[in-house]
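Undergrad: Test case, fold it:
(one chain, ligands or ions: 2)
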Amino acid sequence: MRPHVFVNLAMSADGKLSTIERRQVRISGDADFRRVDLIKSQSDAIMVGIGTVLADDPSLTVKDATLRKERADDGRDENPVRIVIDSRARTPVDADILHKGPGRRIIVVSNSADPAKTALLSEYADIQVFGDERVDMSAFLEYLGTLGIRSLMVEGGGTLIWSLFAEGLVDELYTCVGNVIIGGADAPTPADGDGFINEADFPSLVLKDAKRIDDGILLCWSVKKKDGGE
Ligand SMILES: NC(=O)C1=CN([C@@H]2O[C@H](COP(=O)(O)OP(=O)(O)OC[C@H]3O[C@@H](n4cnc5c(N)ncnc54)[C@H](O)[C@@H]3O)[C@@H](O)[C@H]2O)C=CC1
Ligand SMILES: Nc1nc(O)c(N)c(N[C@@H]2O[C@H](COP(=O)(O)O)[C@@H](O)[C@H]2O)n1
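TA: Ligands and ions are numbered 1, 2, ... in the order given. All right, here's what the predicted structure looks like:
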């Protein structure tokens with residue numbers, strides 16, 4: 001059984017994840033960063049796409065020492081399992097995600113990855129192969145279930161989030177709308193990719209909560225299953 005999948009993102013008031021140059025910018029405030037750190041610390045695993053690694057070089061570690069200690073006291077690694085979806089094994093060997101903080105890392109490649117680069121990365125992370133061109137997300141999530149991973153936080157970016165929605169693999173969405181305008185027709189948005197053409201294919205969301213956070217708003221949604229359930 002695949003894990004419970006929730007997407008967490010911060011977007012500007014005009015619906016952008018970052019600038020047109022894909023440069024990471026501060027969209028949400030301190031309270032939201034603490035909230036993100038908390039839900040990260042409560043997750044079994046956290047996942048990003050290679051586009052996010054190349055753009056932001058995130059470490060995806062739990063930042064608050066108290067939260068790390070709580071995990072350790074529970075007999076867990078200080079950080080959730082960190083996962084990069086990286087069909088062609090483009091993760092730089094000096095990427096922060098491979099070096100900062102203790103804990104397990106998984107880089108998920110496809111059969112199109114260069115074996116020499118995959119071998120290099122295997123010094124720092126567990127390498128898993130799913131799919132021929134792009135990573136087969138459905139099969140990979142089933143594999144995570146076999147590892148005992150029950151909750152998976154997805155941090156982005158827009159291409160990976162799109163794929164997960166397109167395949168019906170998202171259970172919840174947390175959208176923090178920050179009080180800035182970024183602009184740019186080609187700046188990343190929460191769901192990029194090909195986009196749905198038919199209205200009947202749009203995933204339908206149920207608004208569970210909406211609350212002010214810093215100078216923005218946090219929207220908590222669940223995703224309706226195609227059979228009508230949540
Ligand atoms: N504001 C926020 O909360 C966040 C913003 N970002 C921003 O998002 C941008 C990066 O997003 P993207 O370029 O869209 O990259 P992404 O992080 O979504 O990675 C997409 C890449 O993953 C690989 N991939 C392999 N198999 C795949 C599959 N089945 N489905 C989808 N992708 C697959 C492909 O190479 C694809 O291009 C950056 O500008 C970053 O700053 C990223 C995370 C959070
Ligand atoms: N939640 C959130 N709010 C913002 O304002 C942001 N700019 C982001 N960006 C993403 O957060 C990740 C940072 O990871 P580390 O601190 O290096 O662990 C990274 O993926 C950014 O894209 N998120």
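Undergrad: Show me which residues of the chain sit near ligand 1.
TA: 9-10, 17-18, 22, 24, 27, 48-52, 55-56, 85, 87, 134-135, 137, 155-160, 163, 188, 192 (C-beta under 6 Å from any ligand atom). Glycine gets a C-beta too; all of them are placed from N, C-alpha and C.
Undergrad: make it 5 Å
TA: 9-10, 17-18, 22, 24, 49-52, 55-56, 85, 87, 134-135, 137, 156-160, 163, 188 (C-beta under 5 Å from any ligand atom).
Undergrad: ok, and of those, which contact ligand 2?
TA: With C-beta under 5 Å from any ligand atom as the criterion, the residues of the chain next to ligand 1 include 10, 52, 56 near ligand 2.
Undergrad: Same list, those, but as TSV with pLDDT and secondary structure please.
TA: Listed next are those as TSV, based on pLDDT from 0 to 100; DSSP: H, G, I helix; E, B strand; the rest coil:
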residue	pLDDT	secondary structure
10	98	strand
52	98	helix
56	96	helix
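Undergrad: From the residues you listed, pick the one nearest residue 2.
TA: Residue 2 has its nearest neighbour among these in residue 52, at 21.1 Å by C-beta to C-beta.
Undergrad: So what's the residue count around the closest one?
TA: Counted with other C-beta atoms under 10 Å, the neighbours of residue 52 add up to 26.
Undergrad: check contacts around it.
TA: By C-beta atoms under 8 Å, 6 or more residues apart in numbering, the contact set of residue 52 is 58, 155-157, 160.
Undergrad: So which of these are in strands?
TA: Among the contacts of residue 52, the ones falling in strands (DSSP state E) are 155-156.
Undergrad: Tell me the one among the contacts of residue 52 nearest to ligand 2.
TA: Using C-beta to the nearest ligand atom, residue 58 comes nearest to ligand 2 of the contacts of residue 52, at 3.2 Å.
Undergrad: Next up, phi/psi of that closest one, please.
TA: Phi and psi for residue 58, reported as degrees, to the nearest 10, are phi -80, psi 150.
Undergrad: In this structure residue 37 contacts residue 67, no?
TA: Yes. Counting by C-beta atoms under 8 Å, residue 67 is a contact partner of residue 37 at 6.3 Å.
Undergrad: So in terms of bridging, what pairs with the closest residue to residue 160 other than its chain neighbours?
TA: Using C-beta to C-beta, 6 or more residues apart in numbering and skipping residues adjacent in sequence, the residue nearest residue 160 is residue 49, 3.5 Å away. Assessed by DSSP bridges, residue 49 has beta-bridge partners residue 85.
Undergrad: Can you name the residues of this protein that neighbour ligand 2?
TA: Contact residues (C-beta under 5 Å from any ligand atom) of the chain with ligand 2: 10, 26-28, 36, 52, 56, 58-60, 155.
Undergrad: Buried subset of the residues you listed, written for ChimeraX?
TA: To isolate the buried subset of those in ChimeraX, counting by 16 or more other C-beta atoms under 10 Å, use the following:
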select :10,27,28,36,52,56,58,59,60,155
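Undergrad: And the ones next to ligand 2 among the residues of the chain next to ligand 1, which is closest to ligand 2?
TA: Ranked by distance to ligand 2 (C-beta to the nearest ligand atom), these are led by residue 10 at 3.2 Å.
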